[in-house]
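K.L.:
Sequence first, then the predicted structure:
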Amino acid sequence: MQSTNYDPRGVKPTLKTILWQPSSRAQIIADNAKRDARSYCLMYKIAIHPDNSLLGSGKRQSFSKRWAEMLGERGHVAHMVDAYSLDFFDQLDGCHAFMWWFPQMPGRGNWAKKLMLALDQALDIPLFPNRQSVWHFDDKIAQSYLLRAAGIPTPQTWVFWRYKDAIDFCRTARYPLVIKLASGIMARNVRMLRNFSDARYWINRLFGPGVFSLEHPVNTARKRARDYLRMLGKGLPLRPGRRADLHTNYLLIQEFLPGNDFDTRVVVIGNRIYGFRRWNRPGDFRASGSGRLDRNPEEVAPDALRLAFRAARALQTESLSVDVLRRDGEPLISEVSYYYERYGAAGCPGHWEVRGSDEMEWVEGQLPPEDAIMEDFLQLVGRRCENAVVARNLLA
């Protein structure tokens, strides 16, 4: 093939110069290469780390089991790997992609997130979750910076890195406020500050020895004692441990939004939107972990759905769960996460799909989120595989 057919300067052709050439011959070559690529990429080998998580609600969920079933049904290969193993990278040889639905990891600094970021930077294969979805996972400080930079409306949030700044602000602040730790699930590390005395107590602990949770030490000791008595008296295993991360040298607080008897949980996967309401726990301002769900789509406010979809587009995520609260009627996103318990979305009677000019259309029927994730991921793997074969054929 003569390079002068594509570049009069005699530069060796690249995929970009070939595909962008207006000549009919170049277009024919590119079309033939794409056709050959589609016939070549009929079967994918996708590496999956198995998940079988015991959730805070006491339920178990496994996305990997369903993913393996879907791949088998479509004639692909699910290659189960062990990300904990020393030969993990060897296990990825010959795989077209890698998937892992990993939760928060107590006491391990979310090493799975670090692994995915390393793979994203060094390996040229599709990953789920991708970098945009996962780099801020289980880090409320990172999320607050990201959402503010992206122009997504949130409750007013303050992050302090110096003791004096934190104490000076809280001395003159208007209460109540909400204090949060950077990591944690089901609102366990979320607490109301009713006055400066409350704030000063937690500031002194956070900028002092640090904390593992926002529970008072007496309550924590009582719960641990109950768990040990349960183990000794009934022979039952200890309940799953809570986060063991030590939080120190920062303060994260957020404005309290009165009048929110529920939040709206919205899950966005591709162009699909799931939405349902979560009522607060009895006598509490927190909805996360209450288990009191209302999946009636007529009760889900469209502006909450649109805000969540806008956030997913802005953050370029593959899977995004958001919690929506309101200030004087305005929807605000309080937290985001790629990971969530499936049963909330899976139990919805349908979902919305965004098509054309960003119009939302209701689609009747349950669609588990793990199915939607795999459908989108297979399309991504197909495009990457096709492009790779086209490039190889054209530049050979």
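P.N.:
Right, received. Where do you want to start? This one's a predicted model, so the numbers in the text were calculated from it and none came from an experiment. Residues are numbered from 1 along each chain as shown.

K.L.:
can you map out the helices along this protein?
P.N.:
Here the chain has its helices, by DSSP state H, at 15-19, 24-40, 63-73, 88-91, 111-122, 131-134, 140-149, 163-172, 196-206, 217-234, 302-315, 342-346, 369-395.

K.L.:
among those, which gets the worst mean confidence?
P.N.:
When the helices of the chain are compared on mean pLDDT, helix 15-19 scores lowest, with a mean of 40.

K.L.:
Just give the nearest non-adjacent residue to the residue sitting nearest the centre point of the chain, would you?
P.N.:
Central residue of the chain (C-alpha atoms, centre = their mean): residue 338, 0.9 Å from the mean position. Closest residue in space to residue 338, ignoring its immediate chain neighbours: residue 133 at 4.3 Å, by C-beta to C-beta, 6 or more residues apart in numbering. (Each C-beta comes from the backbone N, C-alpha and C, glycine too.)

K.L.:
residues touching that neighbour, list them.
P.N.:
Contact partners of residue 133, counting by C-beta atoms under 8 Å, 6 or more residues apart in numbering, are 315, 317, 318, 319, 320, 338.

K.L.:
can I assume the residue nearest to the centre of the chain is in contact with residue 139?
P.N.:
No. The criterion here is C-beta atoms under 8 Å, and residue 338 misses it with residue 139 at 11.7 Å.

K.L.:
Would you mind confirming that residue 67 makes contact with residue 98?
P.N.:
No. Counting by C-beta under 8 Å, residue 67 does not reach residue 98; the two are 11.5 Å apart.

K.L.:
Pull up the overlap in contacts between the two.
P.N.:
When contacts are counted by C-beta under 8 Å, 6+ apart, residue 67 and residue 98 have 46, 48 as shared neighbours.

K.L.:
what's the distance between the closest residue to residue 45 other than its chain neighbours and residue 94?
P.N.:
Excluding its sequence neighbours, the residue lying closest to residue 45 (C-beta to C-beta, 6+ apart) is residue 77, at 4.4 Å. Between residue 77 and residue 94 the distance, using C-beta to C-beta, to the nearest Å, works out to 10 Å.

K.L.:
Return every residue with contacts to both of these two.
P.N.:
Common neighbours of residue 77 and residue 94 (C-beta under 8 Å, 6+ apart) are residue 45.

K.L.:
neighbour-wise, which of these two wins?
P.N.:
More crowded of residue 77 and residue 94, by other C-beta atoms under 10 Å: residue 77, with 15 against 9.

K.L.:
Show the pLDDT at that one.
P.N.:
Per the predicted model, pLDDT is 95 at residue 77.
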